[in-house]
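**Q** predicted model, plus sequence, below.
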Amino acid sequence: MNSVFSFARLGALLIKEFIQMRRDRITFAMMLGVPLIQLVLFGYAINNDPKSLPAALVATSNDPYTRAIVAALQTTGYYRFDHVAQSAAEAEFLISRGDVAFVVTIPADFARRVESGNSPQILIEADATDPAVASGAISTLGTVASQALLRAQGTQEAAAEAAKGQLDVVVHRRYNPEGISQYNIVPGLLGVILQMTMVMMTSIALTRETERGTMENLLAMPSSPLEIMMGKVLPYLAVGGVQVVVVLAAAKLLFAIPFTGSMSLLLTAVLIFVLALVLLGYTISTIARTQMQALQLTFFFFLPSIMLSGFMFPYRGMPDWAQIFGEIFPLTHFLRITRAVMLKGAELPAVATEIGWLVVFVALFAGVALVRFRRTLD
Amino acid sequence: MNAIDVHGLVKRFGDKTVVDHVTMSVAEGEIVGFLGPNGSGKTTTIRIMCGLLTPDEGEGTVLGFNIRTDSLRIKREVGYMTQKFSFYEDLTIGENLEFVARLYRLKPVEEHVASTLEDLGLTSRRNQLAGTLSGGWKQRLALAACIMHKPKLLLLDEPTAGVDPKARREFWDEIHRLASGGLTVLVSTHYMDEAERCHRISYISYGKMLATGTVAEVVKNAGLTTFVLQGPRLDQVAEALQGRPGVDQVAPFGATLHVVGSDKKKLEAALADVEREHKGVKVSPGETSLEDVFIQFMSGSKDNMA
């Protein structure tokens, strides 16, 4: 018995393990802090039935019926009219940029048709790239609008009965009329896959040299920090390029994802995104001391970026603070670009801001990495 | 102009002073041995000289370049061989040399690599992974890679640790051949026989430079007296000698006992007593060795590693 199991020996092993756990500060912090942070963060941030979605109103007349319908939509909690578009073209631009999730168009002759009982129509265009986002808002739409109209008529005119049930709500599910969720997921997966492989591979770039002892030699030879950074980053940029081709080809062949927009615009955005990722990984590797720490930091970054970027859960469904927090992930901006370009056929002006964000990330990560890079062994 | 001219170098890690006001000069073409116990600051001093560490205090030049401001120029002109093999084990011998040749912008690359492989006698193993080489061969490869760009100064950090005696001998022959061609060499080591192959030595202990000069000078300046004892039951004699005034070191060497002290008069008195107490013990004057001197230095300074 004693040769197979001894409490004294088990105790020795346990004590040693706890001492090592305590010494490794980052791991210890990750084990205690990360679950708590993530629980609070994701618990409060994630919401599958997004409310208060930004909407644009295209209404040329300011009559009581229009006002009644707008007010009713707003009280459902789903619609937040923070854009008033002057023209259909302006509304089109807003929805293709992703600034609004809905465009509600109430035609100029709406009041006249209501009063003449000549089947009044309103048009609701929903951005259905993420089918989950729009579904709640659309399902409440018909009844709410009709009831609002009836109430408005009841106070205005006694002839309400005549017009009853005549309101025609036309719903256009834009960009993804059949509500195929893969249209939303696959372009997002491109970003997630790239992020996982690129950041992970480059995050161990420098720590591997340090751990193998080759860093000392590399630093003793004449190579500048910029050369070392580019020497580490560019090969993975090439790997990223290959991945992009593979994922896009699979998206087209296996999932028949529509490629509505400009291919060159998409590839430019992907390239900038990959550059930002490899630089982020490289920055991590200038901070981490060991490969293990580098991987831990990568995962620490990875989980919230998936949760809060709009990949897994609707970005619009998150509270404001979480949406602002989500902006710090390159993935958030990349998802907007790919969905806009691939599904909506967005042109450069519509995605210029998001591409600008990615460029800012590239500059930021490169700057931090160069500053953080330890040129000496100090 | 001296190849190395540094003064007052100080380097602290946390509250530990690893290098404590070290001053050192090495003339061109000299081979200087850098000695001292483990953790005495040899590696740190060498790293400061090749620009890998910035000193907290002190100034100096290496090959005429300021160690604080010109570290990139220094890196181009100096060959530094690290204590641990620090080339890429997952690259072949040839690929490692090509990498180094390109980093130093040696042209044409192939010519430099081929002649280095030829000198090494590794032409036939060019495609072997560096990680599969034995310790001795790794060390030769590292040296060859360090001198490929024809540096004017070679900094070697315990290059022969864990290398067999024959490879060690060949290594030192190579160092002397390079020095006769005008190369300056600073080499750290633990081995006394290696120290004796240097033109000059510097002894550092716990960050402080304790002695510098030729081997003969260092031994002479230490001012030690050594006696050799022969006779029966030397183990008992050794025990009797320990702790007597004047006796600093007692060490058995084969069938003899070396007794070392810094105060000749007291030492002679102590030995006279022992000679009287132990019949048959014969005391004769001996030669103080470099090792005796170093042991004396080490016991005189406090450990810095704790």
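**A** Done, it's in.

**Q** nearest to chain B: which residue in chain A?
**A** Residue nearest to chain B within chain A: residue A:217 (3.7 Å; Cβ to the nearest Cβ). (C-beta placed from N, C-alpha, C; glycine too.)

**Q** verify the stated contact: residue B:29 with residue B:183.
**A** Yes - between residue B:29 and residue B:183 a contact is recorded at 7.3 Å, counting by Cβ atoms under 8 Å.

**Q** ok so, going back, give me the neighbour count for the residue of chain A closest to chain B.
**A** The number of residues packed near residue A:217 is 23, by other Cβ atoms under 10 Å in any protein chain shown.

**Q** wait, what's in contact with the nearest residue to it once chain neighbours are set aside?
**A** Spatial nearest neighbour of residue A:217, excluding adjacent residues (Cβ to Cβ, 6 or more residues apart in numbering or on different chains): residue B:86 at 3.7 Å. By Cβ atoms under 8 Å, 6 or more residues apart in numbering or on different chains, the residues touching residue B:86 are A:212, A:213, A:214, A:215, A:216, A:217, B:142.

**Q** what's the closest non-adjacent residue to the fourth one?
**A** Distances taken as Cβ to Cβ, 6+ apart put residue A:209 closest to residue A:215, at 4.1 Å, once the chain neighbours are dropped.

**Q** tell me the helix or strand right after the helix-or-strand element of chain A with minimal mean pLDDT.
**A** Least confident helix or strand of chain A, by mean pLDDT, DSSP states H and E, is helix A:160-163 with a mean of 50. From helix A:160-163 onward toward the C-terminus, using DSSP states H and E, the following helix or strand is strand A:168-174.

**Q** tell me the spacing between the closest residue to chain A within the stretch 1-150 of chain B and residue B:258.
**A** Among the residues of the stretch 1-150 of chain B, residue B:86 lies closest to chain A, at 3.7 Å counting by Cβ to the nearest Cβ. Separation of residue B:86 from residue B:258 (Cβ to Cβ, to the nearest Å) stands at 39 Å.

**Q** cool, and residue A:327?
**A** According to Cβ to Cβ, residue A:327 stands 76 Å off from residue B:258.

**Q** could you do residue A:360 as well?
**A** The spacing between residue A:360 and residue B:258, counted by Cβ to Cβ, is 73 Å.

**Q** and the stretch 1-150 of chain B, which residues reach chain A?
**A** When proximity is defined by Cβ under 8 Å from any Cβ of the partner chain, the stretch 1-150 of chain B lies next to chain A at B:47, B:50-54, B:71-72, B:75-76, B:78, B:80, B:82, B:84-89, B:100, B:103-104.

**Q** let's see 6 Å
**A** For the stretch 1-150 of chain B, the residues in contact with chain A (Cβ under 6 Å from any Cβ of the partner chain) are B:50, B:52, B:53, B:54, B:75, B:76, B:80, B:82, B:84, B:86, B:103.

**Q** count the residues that sit near residue B:232.
**A** Applying other Cβ under 10 Å, we find 11 residues neighbouring residue B:232.

**Q** what of residue B:53?
**A** Around residue B:53 sit 23 other residues, with neighbours defined as other Cβ under 10 Å.

**Q** cool, and residue B:194?
**A** Neighbours around residue B:194, by other Cβ under 10 Å: 21.

**Q** check the one 4 residues further on too.
**A** Residue B:198 is surrounded by 24 other residues when neighbours are defined as other Cβ under 10 Å.

**Q** so it is in contact with residue B:35, correct?
**A** No - between residue B:198 and residue B:35 there is no contact under Cβ atoms under 6 Å: 9.0 Å.

**Q** ok, the residue of chain A closest to chain B to residue B:165 distance?
**A** Distance, residue A:217 to residue B:165, by Cβ to Cβ: 26 Å.

**Q** need the contact list for residue A:213.
**A** Going by Cβ atoms under 6 Å, 6 or more residues apart in numbering or on different chains, residue A:213 touches B:84, B:86.

**Q** 8 Å instead, please
**A** So residue A:213 contacts B:82, B:84, B:85, B:86 (Cβ under 8 Å, 6+ apart).

**Q** and those, which two are the farthest apart?
**A** Greatest spacing in these, by Cβ to Cβ: B:82 and B:85 (7.6 Å).

**Q** next, show the common contact partners of the two.
**A** Residues touching both residue B:82 and residue B:85 (Cβ under 8 Å, 6+ apart) are A:213, B:142.

**Q** neighbour-wise, which of these two wins?
**A** Neighbours per residue, other Cβ under 10 Å: of residue B:82 and residue B:85, the larger number sits with residue B:82, 25 against 20.

**Q** distance check, the closest residue to the more buried one other than its chain neighbours against residue B:293.
**A** Residue nearest to residue B:82 in three dimensions, not counting chain neighbours: residue A:216, with 5.1 Å by Cβ to Cβ, 6+ apart. Applying Cβ to Cβ, the value for residue A:216 to residue B:293 is 32 Å.

**Q** please apply the same query to residue B:262.
**A** Taken as Cβ to Cβ, the span from residue B:262 to residue B:293 is 10 Å.

**Q** ok, now residue B:75?
**A** Going from residue B:75 to residue B:293 by Cβ to Cβ gives 35 Å.

**Q** domains in chain A, by residue range?
**A** In terms of domains, chain A is parsed into A:53-174, A:181-372 (source: automatic domain parsing).

**Q** turn these into a markdown table, including distance to residue A:11.
**A** Below are these laid out as a markdown table (distance: least, Cβ to Cβ, whole Å):
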| stretch | distance to residue A:11 |
| --- | --- |
| domain A:53-174 | 52 |
| domain A:181-372 | 26 |
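
**Q** and those domains: which comes nearest residue B:211?
**A** For residue B:211, the closest of the domains of chain A is domain A:181-372, at 28.1 Å, according to Cβ to Cβ.

**Q** that older thread, from the residues of the stretch 1-150 of chain B next to chain A, which two are the most distant?
**A** The distance between the two most remote of the residues of the stretch 1-150 of chain B next to chain A (Cβ to Cβ) is 22.9 Å, for B:76 and B:84.

**Q** what's the burial count for residue A:352?
**A** For residue A:352, the count of nearby residues is 13 (other Cβ under 10 Å).

**Q** next: the one 5 residues further on.
**A** When neighbours are defined as other Cβ under 10 Å, residue A:357 has 20 of them.

**Q** and if you look at residue B:280?
**A** Going by other Cβ under 10 Å, the residues that sit close to residue B:280 add up to 10.

**Q** low-confidence regions, the stretch 251-378 of chain A specifically.
**A** Across the stretch 251-378 of chain A, the ranges flagged by pLDDT under 70 are A:375-378.

**Q** follow-up on the earlier one: looking at residue B:76 and residue B:84, which has the bigger crowd around it?
**A** Per other Cβ under 10 Å, whichever of residue B:76 and residue B:84 has more neighbours is residue B:76, with 17 against 14.

**Q** what's the neighbour count on residue 152?
**A** Let's take chain A. If you count neighbours by other Cβ under 10 Å, residue A:152 ends up with 22.

**Q** um, chain B though
**A** Residue B:152, neighbours per other Cβ under 10 Å, totals 16.

**Q** name the helices or strands packed onto whichever strand or helix holds residue A:371?
**A** Using DSSP H and E, residue A:371 sits in helix A:348-372. In terms of contacts (3 or more Cβ pairs under 8 Å, 6 or more residues apart in numbering or on different chains; DSSP states H and E), helix A:348-372 is packed against helix A:88-97, helix A:225-253, helix A:263-287, helix A:330-338.

**Q** and the angle from that helix to helix A:263-287?
**A** Angle of helix A:348-372 versus helix A:263-287, following axes from the mean of the first three to the mean of the last three Cα atoms, to 10 degrees, is 20 degrees.

**Q** now for residue A:84: which residues touch it?
**A** Residue A:84 makes contacts with A:56, A:57, A:58, A:59, as judged by Cβ under 8 Å, 6+ apart.

**Q** neighbour-wise, which one of these leads?
**A** Neighbour counts for the contacts of residue A:84, by other Cβ under 10 Å, peak at residue A:56, which reaches 23 neighbours.

**Q** contacting residues around the closest residue to that one other than its chain neighbours?
**A** In space, and not counting its chain neighbours, residue A:56 is closest to residue A:83: 3.9 Å by Cβ to Cβ, 6+ apart. For residue A:83, the contacting residues are A:54, A:55, A:56, A:57, A:91, A:94, A:99, A:100, by Cβ under 8 Å, 6+ apart.
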